Every structure is written in C-alpha cells, then in structure tokens.
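J.: mind folding the following:
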Amino acid sequence: MSRLTRRSLLRWGLMLPTAGALGRFTAASADAGKVAKPIAPIPFDMPGYTEPTFPDRIFAITDFGAKPGGEAMNTKAIAAAIAACAEAGGGRVLVPEGVWLTGPIHLKSNVNLHLAEGAELRFSDKFDDYLPVVYMQRGGTRCYNYSPLIYARHCENIAVTGSGTLNGQGQAWWPWKKRQPGMTRLFQMGADQIPVEERVFGTEADGVRTCFIQPIDCKNVLLEGFTVVDGPSWNVHPVTCENLTVRGVSVTSLGPNNDGINPDSCRNVIVEDCYLDTGDDCICLKAGRNEDGWAVGKPCENVVVRRCRTKRGHGGIVLGSEMSAGIRNVFVHDCRFEGTQRGIRLKSLPGRGGVLENLWFQNITMAEVGAAIHMTLRYSSGTSDRDRMPVFWNIDIRNIECESARAAVELLGLPAADTIQGVNIEDVSIASHTGLQAEYVRDLRLKRVALRPKQSPVMRLRGCRDVVIEQSACPEGAEVFLQVEGTGTKNICLSGIDLSGSARGVVLGADVPADAVTTQPQS
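T.: Predicted coordinates for the structure are as follows:
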C-alpha cells in the first residue's frame, strides 16, 4: 500500500480492524474469565495473538521449604517449585499469604507464578544475590549483568498473576544513578559493536542497575493483577517478546529511571487497566538503541494500550527515545493521565534512526500535565550515526480533553528533514498556559481544535508546510490566533475559522512569503 494512501486512510479515520483481530480480542477476554467490556475497533491486525493457559496443577512454595516472615531466604525453595512445575508439564506455583524474602526468580515455560491475596515477595537488597550475571537488556543495549528480579529467557507460556505484591526494595540500587560508569561503557560497547558476550558487568563499581521484571525472547506472556513497588530501575520491561498481555498491574515506584511498563521490541501487546505512579515514564514503548537496535532489528509493533491511568511520571504514554528498530501500529485509547510532565509524548534525536508510524491516540483525558501533546526530535545529545534520521509519520490524535497544562501542543521537528509528517489532530480541547507550537512539520491537519492558552499566540508555526487548520476555535480576546515564522513556511490554509474575537488574527513574520497563508470563509 502506498505511503499516500495509508496517510489518507489514517487522516480520515478509515482504517478499520479485520474481523479476525476483533475475534481474537473477544476470545482472549472470554478465556480469561473476565466480564465482557466494550472494545474499541483496533485499526490493525494482530496475527497470532493469544494468552497463555496452564494445567490445573498447584505447586505451593511451602511444599518446597519456603518460610514466611521476611527473614529466611527462599530463593532455592521457589526455584525448586518452579522446576517441579515445569517438569510436570506446567501449572501454578503458588505464593501464599505472607512475606517471603527471595533473590531473583527465573521462570520456566508453562509456569504461572501466582501471588495469593496478602502475599508479598520481598526481594533481597544484597547485590551479590543477583549473581551470576545473565543475558539481559539495559537502556536499549544487550549485555550480561545482575539478574532481573523476575527473569525468563526463551520461555513460552509464562505468567505472573494474582493480587499480591512484588517489593523490589529498590532504594538499595537507586544511589547508583549518580555513579554508573558502566552505563557509559555499555553504550560505547554497543556503538562499537563489541560482541554481546564481552559486555559483562555485574559489579558495584560498574553501577549498572538491573530491572525488575524482564522476560526476554519469550512468547505468550501474561502479567496480571499484582502490584509492583520500588524496582531498581525500569519495572516491567519485556524485551523481544511476542504475544504479551499486561492487565490490571499497579506500579508505584518513584526512584530514578523507574519507568512503569516498557514493552521493548515486542510484537502483539495489550496493556490494559493498569495504574502507574512512577519516577519516570509511565508506559513507554521502545525498540533498541542505535547500533544494538539496528542489529537486533525487531520493531515494537501491534500494541494496544487502554483504560490505564496515572498519578505521577515523566509521561503518560511515551514512544522512544530508544526506537532504532522502529515502533508501528500503536492504538492508545480511553486513558486518564494526571500529574505527568507530558501526556502523549514521542521523543527521539538525530542519529537514532527508526520510524514511529501508524499511531492512534483517542478518547484520552488529562489534568495537571506539563505538555498535553509533545513530539520532539531534539530529545538529548549523545547521538550515533547522524545519517540515520528518525521519522514520525501517520499519527492520528483525536477526542482529547485536558483540564490544565503548561503547553497544549509541542511538535518540534528538525529543519529540512521532514522528520515529523502526516499528523492529524482532531476534536481536541486543552486549557493551558501556552498554545500550539509546531516547528518543521509537514502535512499537519488541525480540525475542531479548541485551545485556551493564557498566553498569545494560540498557534505558532515555524518552517511548516502543507498545514490545514479548519473549524477550530479562536478564543475571545486572543491577541493573535496564528503566528507564522520561517522562510520555509508555505501552503498554510485556514478554513472556517472566525477570527473576529482576535485583535490581530494572523501575523506573518518578516521572512514569511506573503502567499504562505490562505483563508477560506466559514461555510
């Protein structure tokens, strides 16, 4: 399908789900024994999506010598229960009510680690308990490091379920944020394409924090119902997994880099009914960093995020900045973002490569956010191959209501690069301090956009091309509705907009061609 056709379909909302995709989602909910909920049409297919099922066998960790109370170390007892469960063909490893101290837990295929109501797995704060090192991923780059607290590799049909708590006691790890020379060395190894087997860490001197939950290279993964507290760094971080479901998980973790849920280069993902109160991004999709991301070459694709809410964090739903293998086919809807630095955020930088494409954000409410909608290609320094320019395109944002924000919309592309293109923003209402700022964006459509900024102008365009602003409100008393800047600005069309409430309406910068902006009357 051609680029133009896909963009046209996206802009006009005509891309609909296949019957197979809807059938799979309905069946998955029924199999999980959940009350049926209305499911919004998914605008892409998710071939092969399924949730794991497990035999009706129970292996209680107490039968393998586990002792409650938070003092006895239960790592070996839990490992023995998991091994017995896997050897029997699978089932449920039960963690009963009580506090259970443990080191790392390594899952096996066909095992469901189930936390009973009132159960708490309390993870050791002694770093050596997470040795020997294992193959894992940190910050978008593969390495050997301290084991994640809950870990699996090359497993199929695995789960962590139940209403209990996973307590990472991450406070022991958090000071490493200020002394982590190993992270610099790890990223340089990735840039130099050093073999992964030689990227070995796992010492306090290196300071490379592990993550909390990391299934890597796994298939059919279910994470459901439990609460995560205080991970060392990223909390729920599945990597290169297929058919991943994260349902009803709560994450409360306010340490540095304490992202909530980070699917990384995963395919066929559902994140639903989750609660996030985090020290970094709440839900963040990723796809590898620079050379390492290109080497693995697995995009994050076919992702649905729905009915999630936040309390704090850097971003409600975030894509990037590690996105070198690309992120595509993402549908985020019916969420509530409060107290985050950004609501919807796309972030990358020159040299990272990759494409963010085919993204839908719908039916989202926000309050007390820094920026409601934020896209940037200027995220940070420390680039790799600058010839690999990331691109954001085919993005549809509609039915967004924000009660209070510092900035309404920020779209920050790069000059002469067409790094942000094909963006449709429709039926949006935002109260904010500043309005819309778009720089170096191509093919931008704003329809029925009601911005109420305290500061003029309502919208500012710099270096933008092919922009349509239609049926959008100009607030009464606005000094300037649209300010246009930049020699590259052209083909800006205002359609059906009443500018009578604005003192100056449209203001052109001295470097803007006189014919850059045209207006069409209200019909």
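J.: tell me the helix or strand right after the lengthiest strand in the chain.
T.: Ranked by residue count under DSSP state E, the longest strand found in the chain is strand 391-412. Using DSSP states H and E, the helix or strand that follows strand 391-412 towards the C-terminus is strand 420-439.
J.: list the buried residues of the longest strand of the chain.
T.: Neighbour-count burial for strand 391-412 flags 391-398, 400-402, 405, 407-412 (criterion: 16 or more other CB atoms under 10 Å). C-betas here are computed from N, CA, C, even on glycine.
J.: any idea which element M183 lies in?
T.: Using DSSP H and E, M183 falls in helix 181-191.
J.: actually, A371.
T.: Counting by DSSP H and E, A371 is found in strand 369-376.
J.: now do the helices in this protein.
T.: 3-11, 19-31, 75-87, 181-191, 290-296 (DSSP state H).
J.: those strands in the stretch 101-250 of the chain, which residues are they?
T.: Listed in chain order, the strands of the stretch 101-250 of the chain (DSSP state E, counting those that start in this stretch) span 105-106, 111-115, 119-123, 134-138, 141-145, 150-153, 156-162, 165-167, 213-216, 219-224, 227-229, 242-247, 250-253.
J.: closest one to K178 among those strands?
T.: strand 134-138 (16.9 Å; CB to CB).
J.: so what strands line up beside the closest one?
T.: strand 141-145 (antiparallel) (DSSP bridges).
J.: identify the residues contacting the partner strand?
T.: The contact list for strand 141-145 (CB atoms under 8 Å, 6 or more residues apart in numbering) reads 133-138, 186-187, 189-190, 196-197, 199-202, 208, 210, 288-289, 292, 296.
J.: list the residues that contact M366.
T.: G316, R336, F337, E338, G343, A372, I400, E401, C402, E403, A405.
J.: per-residue confidence for the fifth one?
T.: Among the per-residue scores, G343 holds a pLDDT of 98.
J.: hang on, isn't it packed against G316?
T.: Yes: applying CB atoms under 8 Å, one finds G343 in contact with G316, separated by 4.8 Å.
J.: who touches both of those two?
T.: Common neighbours of G343 and G316, counting by CB under 8 Å, 6+ apart, are F337, I364, M366, V369.
J.: got those as TSV, with distance to E97 and pLDDT columns?
T.: Listed next are the shared contacts of G343 and G316 as TSV, based on distance: CB to CB, whole Å; pLDDT from 0 to 100:
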residue	distance to E97	pLDDT
F337	34	98
I364	37	98
M366	38	98
V369	38	98
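J.: show me how to select, in PyMOL, the buried members of the residues you listed.
T.: To isolate the buried members of the shared contacts of G343 and G316 in PyMOL, using 16+ other CB under 10 Å:
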select buried, resi 337+364+366+369
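J.: mind putting the shared contacts of G343 and G316 into CSV with distance to Y146?
T.: Putting the shared contacts of G343 and G316 into CSV (distance: CB to CB, whole Å) gives the following:
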residue, distance to Y146
F337, 32
I364, 37
M366, 36
V369, 34
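J.: farthest-apart pair in the shared contacts of G343 and G316, please.
T.: Of all pairs in the shared contacts of G343 and G316, the most separated under CB to CB is I364 and V369 at 10.8 Å.
J.: give me the common contacts of these two.
T.: Joint contacts of I364 and V369 (CB under 8 Å, 6+ apart) are G316, F337, G343.
J.: just these: which are in strands?
T.: Per DSSP E, the subset of the shared contacts of I364 and V369 in strands is G316, F337, G343.
J.: which one of the residues you listed is nearest to P263?
T.: Once CB to CB is applied, the member of those that ends up nearest P263 is G316, at 15.2 Å.
J.: could I get the contacting residues of that closest one?
T.: Going by CB under 8 Å, 6+ apart, G316 touches 282-283, 310, 335, 337, 340, 342-345, 364, 366, 369.
J.: not counting its neighbours along the chain, what's nearest it?
T.: Excluding the flanking residues, the one nearest G316 by CB to CB, 6 or more residues apart in numbering is F337, at 3.1 Å.
J.: who touches the one you found in this structure?
T.: By CB under 8 Å, 6+ apart, the neighbours of F337 are C282, R309, T310, G316, I317, G343, I344, I364, T365, M366, A367, V369.
J.: right, and P390 touches G353 too?
T.: Yes: under the criterion of CB under 8 Å, P390 makes contact with G353 at 5.9 Å.
J.: more neighbours, the two?
T.: The neighbour comparison of P390 against G353 (other CB atoms under 10 Å) goes to P390, with 26 against 23.
J.: check that one and give its pLDDT.
T.: 96.
J.: same check, this time on the one 4 residues further on
T.: On the pLDDT scale, N394 is placed at 98.
J.: from what I can see it touches I420, true?
T.: No: using CB under 8 Å, N394 makes no contact with I420, being 11.0 Å away.
J.: circling back to that earlier point, got CSV for the strands of the stretch 101-250 of the chain, with mean neighbour count too?
T.: Output for those, formatted as CSV (neighbours: other CB atoms under 10 Å):
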stretch, mean neighbour count
strand 105-106, 22
strand 111-115, 26
strand 119-123, 22
strand 134-138, 22
strand 141-145, 23
strand 150-153, 22
strand 156-162, 22
strand 165-167, 22
strand 213-216, 26
strand 219-224, 23
strand 227-229, 22
strand 242-247, 23
strand 250-253, 23
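J.: list the contacts of stretch 293-303.
T.: So stretch 293-303 is contacted by 44-46, 49, 140, 142, 193, 240, 263-271, 285-288, 322-331, 353-354, 388 (CB under 8 Å, 6+ apart).
J.: now list the buried members of the residues you listed.
T.: Among the contacts of stretch 293-303, those buried by neighbour count (16+ other CB under 10 Å) are 44-46, 49, 140, 142, 240, 263-271, 285-288, 322-331, 353-354, 388.
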